[in-house]
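Undergrad: Sharing a sequence plus its predicted fold:
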Amino acid sequence: MNIIEIKNLTKKYGEKFAVDDISFEVIEGEIFGFLGPNGAGKTTTINILCTLLQPTSGIASISGYDVTNDRDNVRNSIGIVFQDPSLDGDLTGEENLRFHGMAYNIPKQIREERITYLLEMVDLYDKKDELTKNYSGGMKRRLEIARGLLHHPKVLFLDEPTIGLDPQTRNRIWEHIRELQEKKGITIFLTTHYMEEAENCNRIAIIDHGKIIALDTPENLKKDLKGDLITLKTSDNEKANEVLKTCFSLNPYIKDDSIYVYADNGENFVPKLFRALRNYEITSVSVRKPTLNDVFIKLTGREIREETMGGVGRMREMTRGR
Amino acid sequence: MMLNAVYIIWLRELKKFVRDRSRLVSSIAQPLIWLLLIGTGFGATFGKVGDLQYIQFMFPGILVMTLLFSSMFSAISIIWDREFGFLKEMLVAPISRTSIAIGKAVGGASRSTIQGLIILVFSPLIGINITLGKFLMVVPLMFFISFTISGIGIIIAARMESFEGFNLIINFIIMPMFLLSGAIFPISNLPSWLSVVVNINPLSYGVDIMRWVMTGVTERGPAFDLMVLSLVCIFTTTISVYLFSKGK
């Protein structure tokens, strides 16, 4: 069953399309990843789904409720963790949850039970009486997840839930997310630009320049790349590239100072490749399974984190460090 | 449902108010310093205003000043809520934006009234006797004036995205509103250009009616004051709710 349905959704700012005619469905109970570089339209889409923004055209519904005409029902059906913290720093952790529970009209006794339960779930029970301005980034995020769950939403939206957190905290947040899906059957809609995290999703949609350019399970998306990714450096990349095209009828491409090529059974292919390139000096070669990052590069011709990393130099540095 | 939403926004304002001791102290120290320094200083020059000692004339004005600053600051805290993200939490909750705006105004008015009450404690020292009858008029009046000012504050905050304009608001809205309200000098014998400015300043009607309740002295008559204030209150509340519902 589809819990979220989006049809021809468009959001324009002046002449610029932030979201450009997107349509897709999210199935009840899945972890759905919304993947794309910064500025691709992820947050705009989430804000429309959360009733914070009006779409220019198109329709979106959550659990059967239209996001523009049936706001209160939508708001009762969803929980949200925004990209930026949205806690009241002058209230304690417990008070932040209590405010939320009151705003969602949860009867007092149930509210207090759930607050205790959720604070324990996210390991913040000991800190419940501390002002949240004294919380660390990870604690804030965990409290926000607890808050988003307090009114038992059908869908939990997580906008970049792990951005700016250290790897340990990120893993912990992910444990919570998986637990929620498995034990509570909550649908989770999350945005991220961390490719490794997207692998945890049941299905992912890749969005770029406001358009959905791919939507499938991570496995299927990678399958589309057919085979293994072989990366090699030679004394003459241009010529070696030509040889690969003509001898094996493959589609290699050069990026920075390496040649990239996808081939079936990479381990068996490498010896053949060496024979074909015997006239050129091969300085390095690697074979690996493609990742979602490779899927993204294949689809858009660029790295997902270019925009976030800033200068090309830093991007190179990252590629090299891998 | 609507009342419940107003109540929780109000509750949050009060909770934060009680917790923020340093702001409470400074917001009470400020009017006391005005009373002590300006009251004594001007009093030595002016002597009397009509039948009142200068400091007695000034006291209701300073009380209204307390309400002005307190209400403005709490309404403008919407900018803080926006900056620190909490506004979003309120906006995605199943509560109407109208109740958020009203809750903010009621919360601000409550804080201001409490601060006003603390200043009111000093009235016997000034020689103003607050009888039970006066008290029962002063308290709702403080709330009413504060609620009206909160509306103005929300109108300002509804469109402000950052703190940058904050000093501008203090220097070009709050201070002139206070200085030109008749709080520290009588408004009857002003040159006509200044008189116009004073007359369009809603706070001047609040000062006049407050002075009438506390000392019996009025320059415009309490009925007229109350009528103008009521109109302003309806106007600012309507506009603030409208702007807040339209805002992002």
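TA: On my side now, so go ahead.
Undergrad: use CA for all of it now, contacts and neighbours both
TA: Fine.
Undergrad: got the contact list for residue 80?
TA: I went with chain A, as the question did not name one. A:50, A:145, A:148, A:156-159 (CA atoms under 8 Å, 6 or more residues apart in numbering or on different chains).
Undergrad: ah, no, chain B please
TA: Counting by CA under 8 Å, 6+ apart, the residues that B:W80 touches are B:F163.
Undergrad: Show me which residues of chain A are close to chain B?
TA: A:50-53, A:71-73, A:75-76, A:84-88, A:90-91, A:99-100, A:102-104 (CA under 8 Å from any CA of the partner chain).
Undergrad: neighbouring strands for the helix or strand where A:Y260 lies, and are they parallel or not?
TA: Taking DSSP states H and E as the definition, one finds A:Y260 inside strand A:258-263. Partners of strand A:258-263 in the sheet, by DSSP bridges, are strand A:228-234 (antiparallel), strand A:253-255 (antiparallel).
Undergrad: where along the stretch 151-300 of chain A do the strands fall?
TA: A:155-159, A:187-192, A:203-208, A:211-216, A:228-234, A:253-255, A:258-263, A:282-288 (DSSP state E, counting those that start in this stretch).
Undergrad: Comparing these, which yields the minimum mean pLDDT?
TA: Note on these: lowest mean pLDDT is at strand A:253-255, with a mean of 83.
Undergrad: Tell me the one of the contacts of A:I80 nearest chain B?
TA: Within the contacts of A:I80, distances to chain B taken as CA to the nearest CA reach their minimum at A:C50, with 6.7 Å.
Undergrad: just checking, the closest one touches B:V92?
TA: Yes - if you go by CA atoms under 8 Å, A:C50 and B:V92 touch, sitting 6.7 Å apart.
Undergrad: circling back to that earlier point, just say which of the strands paired with strand A:258-263 is most tucked in.
TA: strand A:228-234 (a mean of 20; mean count of other CA atoms under 10 Å in any protein chain shown).
Undergrad: any idea how far the strand holding A:Y260 is from the chain center?
TA: Computed by CA atoms, centre = their mean, to the nearest Å, the chain-centroid distance of strand A:258-263 equals 26 Å.
Undergrad: And for stretch B:137-147?
TA: Centre to centre, stretch against its chain (CA atoms, centre = their mean), the figure for stretch B:137-147 is 9 Å.
Undergrad: So what touches that stretch?
TA: By CA under 8 Å, 6+ apart, stretch B:137-147 touches B:64, B:67-68, B:71, B:105-106, B:108-110, B:112-113, B:116-117, B:206, B:210, B:213-214, B:229, B:233.
Undergrad: Would you mind naming what in chain B lies close to chain A?
TA: B:4-5, B:8, B:12, B:16, B:81, B:84-89, B:91-95, B:248.
Undergrad: I'd like to know which of those residues are buried.
TA: B:5, B:8, B:12, B:81, B:84-89, B:91-95 (16 or more other CA atoms under 10 Å in any protein chain shown).
Undergrad: least trustworthy helix or strand in the chain by mean pLDDT?
TA: I went with chain A, as the question did not name one. helix A:312-321 (a mean of 38; mean pLDDT, DSSP states H and E).
Undergrad: Can you look at chain B instead?
TA: Ranking chain B's helices and strands by mean pLDDT, DSSP H and E puts helix B:166-169 last, a mean of 81.
Undergrad: Can you name the residue of chain B nearest chain A?
TA: Counting by CA to the nearest CA, chain B gets nearest chain A through B:G85, at 4.0 Å.
Undergrad: Could you list the low-confidence segments of the chain?
TA: No chain specified, so I'll use chain A. A:304-322 (pLDDT under 70).
Undergrad: Wait, chain B was what I had in mind.
TA: B:1, B:247-248.
Undergrad: Strands along that one, start to end?
TA: B:48-49, B:52-53 (DSSP state E).
Undergrad: Output those as JSON lines; include the columns mean neighbour count.
TA: Output for the strands of chain B, formatted as JSON lines (neighbours: other CA atoms under 10 Å in any protein chain shown):
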{"stretch": "strand B:48-49", "mean neighbour count": "15"}
{"stretch": "strand B:52-53", "mean neighbour count": "16"}
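Undergrad: pretty sure B:V207 contacts B:G61?
TA: Yes - counting by CA under 8 Å, B:V207 does reach B:G61; the two are 5.4 Å apart.
Undergrad: Give me the common contacts of those two.
TA: With CA under 8 Å, 6+ apart as the test, B:V207 and B:G61 both reach B:181-183.
Undergrad: Give me the phi and psi for the closest residue to chain B within chain A.
TA: Closest to chain B within chain A is A:S86: 4.0 Å, counting by CA to the nearest CA. Main-chain dihedrals, A:S86, degrees, to the nearest 10: phi -140, psi 40.
Undergrad: Give me the nearest residue to it, chain neighbours excluded.
TA: Leaving aside its chain neighbours, A:S86 sits nearest to B:G85 (4.0 Å; criterion: CA to CA, 6 or more residues apart in numbering or on different chains).
Undergrad: how much space between that neighbour and A:T92?
TA: In this view, B:G85 and A:T92 are 16 Å apart by CA to CA, to the nearest Å.
Undergrad: phi, psi of A:I59?
TA: According to degrees, to the nearest 10, A:I59 has phi -130, psi 150.
Undergrad: For it, list each beta-bridge partner.
TA: Under the criterion used (DSSP bridges), A:I59 bridges to A:K7.
Undergrad: Pretty sure it sits against A:N8.
TA: Yes - here A:I59 reaches A:N8: they are 6.7 Å apart, a contact under CA under 8 Å.
Undergrad: Neighbour count for the two, which is higher?
TA: A:I59 (19 against 14; other CA atoms under 10 Å in any protein chain shown).
Undergrad: Who are the contact partners of that one?
TA: So A:I59 contacts A:6-9, A:66-67 (CA under 8 Å, 6+ apart).
Undergrad: Got a PyMOL select line for the buried ones in the residues you listed?
TA: Applying 16+ other CA under 10 Å to these leaves a buried subset, and the PyMOL line that selects it is:
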select buried, chain A and resi 6+9+66+67
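Undergrad: okay, the contacts of A:I59 in CSV with distance to B:G221 next?
TA: As requested, the contacts of A:I59 are arranged in CSV below (distance: CA to CA, whole Å):
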residue, distance to B:G221
A:I6, 62
A:K7, 63
A:N8, 62
A:L9, 59
A:D66, 54
A:V67, 52
